[in-house]
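Colleague: structure, please.
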Amino acid sequence: MNDHKNEGREAPVGVGVIGFGMASRIFHLPAIAAVPELRLAAIVQRQGDEARAAYPQAKLVRSVDELLADPDIQLVVIATPNDSHFSLAEKSLLSNKHTVVDKPFTIHLHEAERLAALSRERNTLLTVFQNRRYDGDFLTVRDLVSKGTLGRLVRYEAYYDRFRPEVRKRWREQAGEGTGILYDLGPHIIDQALELFGLPESVDARIFREREGAQTDDAFEIALRYPDLRVQLGANMLAAAQRPRFYLRGSQGTFVKYGVDPQEAELLAGNHYASANWGEEKEDAWGTVFSVPTGDKAIHQKIATQRGDYRAYYRDVANAVRAKKDAPVTPEHGVRTMRVIELALASNRENREIQWR
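Modeller: This next block holds a predicted model:
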């Protein structure tokens, strides 16, 4: 348990978490509990006592209003179904609470813009849980891009493929606003691309239902156009043979990386940041740079994957609350991701490429 009575140290930020579903149990709560700068103060679980059993240091409350009325809570984390993100975030900000919203930020662009404006008006921190910025493979890709290792980049591809041929009875796979793979996995790879390359000139997308009995989209392909760069993003649920997680091609080489960051699997297994080498990827999963330094002779070089750590997101949030500054994932970052999703939906509906402005 975090001790907020340590002399000579700034008291940790009191955190209240709304929701005790998978996102909360697997991603948010373990990271919050593992960050000394934060103190898990309360969890909203409307029914059942599992939250109290898992986190006895936190108060179990039954309503959002009770959580927001608690003066001991400075930071509210919203880890609920997508269609509740906007209303809960708005309510939190109007209660003058710093706020973390799980991805997707909202369902509609105008909702994201409203929250960003409200955060500015209230001078209150608002951030989106884009934890995949803290994946080791993405940190490695960002380093390669920033150093120009591959020369002038002409092609960037990122895919989030799974093999789940059976449609499951959970809200993410049922019909409704904000369900489907575009809202589930799309924000991860869209945010990563925008973080690397900024705003595109246009968006061209196709969204599909590929599985038998699919109630909502379960595959998508999105092309982002830049002046001298083509970005291709995609995800699906029928990838028995998966594509590279990342594929980058430049004037001096190509980088190929298969597999996903190991943190999610560890968290699903219940290993909550207990390992000394947390986030370290095995060598056989490292990506490879294929370069052509002279003529057509290719040199293959394994690139060690940087160590990822989702706790770093919450450390950054805690430091931003204390310093009264923006978190690394700003509301504007959330707005731009929602803009891509909105344009992708329009592009698919109209079967055409759509300009950013």
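Colleague: mind checking the backbone torsions on Arg155?
Modeller: phi -150, psi 130 (degrees, to the nearest 10).
Colleague: now the closest residue to it other than its chain neighbours: how far from Arg315?
Modeller: Spatial nearest neighbour of Arg155, excluding adjacent residues (Cβ to Cβ, 6 or more residues apart in numbering): Arg249 at 4.1 Å. All C-beta atoms are positioned from the backbone trio N, CA, C, and that covers glycine. Per Cβ to Cβ, to the nearest Å, Arg249 is found 34 Å from Arg315.
Colleague: then Tyr156?
Modeller: Counting by Cβ to Cβ - Tyr156 and Arg315 are separated by 28 Å.
Colleague: out of those two, which sits in the more crowded spot?
Modeller: Per other Cβ atoms under 10 Å, whichever of Tyr156 and Arg315 has more neighbours is Tyr156, with 25 against 17.
Colleague: list the residues that contact the spatially most central residue of the chain.
Modeller: In the chain, the residue lying closest to the centroid (Cα atoms, centre = their mean) is Gln130, at 2.7 Å. Contacts for Gln130 (Cβ atoms under 8 Å, 6 or more residues apart in numbering) come out as 103, 187-188, 191, 313, 329, 333.
Colleague: tell me which two of those residues sit farthest apart.
Modeller: Using Cβ to Cβ, the contacts of Gln130 span at most 14.2 Å, a distance reached by Pro187 and Tyr313.
Colleague: dump the C-alpha coordinates for the helix or strand encompassing Gly234 into CSV.
Modeller: If you go by DSSP states H and E, Gly234 is part of strand 229-236. Output in CSV follows, covering the C-alpha atoms of strand 229-236 (Å, rounded to 0.1, in the frame of the first residue of the first chain):
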residue,chain,number,x,y,z
LEU,A,229,4.9,8.8,-46.8
ARG,A,230,2.2,6.2,-47.0
VAL,A,231,0.8,4.8,-43.7
GLN,A,232,-1.3,1.7,-43.7
LEU,A,233,-3.1,0.5,-40.5
GLY,A,234,-5.2,-2.5,-40.0
ALA,A,235,-6.7,-5.1,-37.6
ASN,A,236,-8.8,-8.2,-37.9
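Colleague: tell me which residues are up against that strand.
Modeller: Under Cβ under 8 Å, 6+ apart, the answer for strand 229-236 is 153-162, 181, 185-186, 189-190, 193, 197, 200, 208, 210, 218-225, 243.
Colleague: buried residues, it. List them.
Modeller: The neighbour-count criterion (16 or more other Cβ atoms under 10 Å) identifies 229, 231-236 as the buried residues of strand 229-236.
Colleague: what's the average pLDDT for it?
Modeller: Mean per-residue pLDDT for strand 229-236: 98.
Colleague: what are the boundaries of the strands in the stretch 51-200 of the chain?
Modeller: Ranges of strands within the stretch 51-200 of the chain are 59-61, 75-78, 98-102, 126-129, 153-161, based on DSSP state E, counting those that start in this stretch.
Colleague: my bad, the stretch 201-350 of the chain
Modeller: For the stretch 201-350 of the chain, the strands defined by DSSP E, counting those that start in this stretch occupy 202-208, 219-226, 229-236, 246-250, 253-257, 287-294, 297-303.
Colleague: the fifth one vs strand 287-294, what angle?
Modeller: What that stands for is strand 253-257. Relative orientation of strand 253-257 versus strand 287-294 (axes from the mean of the first three to the mean of the last three Cα atoms, to 10 degrees): 170 degrees.
Colleague: likewise for the last one?
Modeller: With the same axes, to 10 degrees defining the directions, strand 297-303 sits at 150 degrees from strand 287-294.
Colleague: please renumber so the chain begins at 15
Modeller: Sure, I'll start numbering at 15, so the last one becomes strand 311-317.
Colleague: what's next to strand 311-317, contact-wise?
Modeller: 154, 158, 269, 297, 300-307.
Colleague: which among those end up buried?
Modeller: Neighbour-count burial (16+ other Cβ under 10 Å) is assigned, among the contacts of strand 311-317, to 154, 158, 269, 300-301, 303, 305.
Colleague: any low-confidence regions in the chain?
Modeller: Scanning the chain for pLDDT under 70 picks out 15-22, 308.
Colleague: how about Arg353, nearest residue that isn't a chain neighbour?
Modeller: Using Cβ to Cβ, 6+ apart, the nearest residue to Arg353 is Leu123, at 5.7 Å.
Colleague: thinking again about what came up before, the residue nearest to Arg169 contacts Arg166, doesn't it?
Modeller: No: the criterion here is Cβ atoms under 8 Å, and Arg263 misses it with Arg166 at 10.1 Å.
Colleague: let me have the strands of the stretch 65-214 of the chain in TSV, extended by distance to Pro44.
Modeller: As requested, those are exported to TSV (distance: least, Cβ to Cβ, whole Å):
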stretch	distance to Pro44
strand 73-75	17
strand 89-92	12
strand 112-116	14
strand 140-143	13
strand 167-175	22
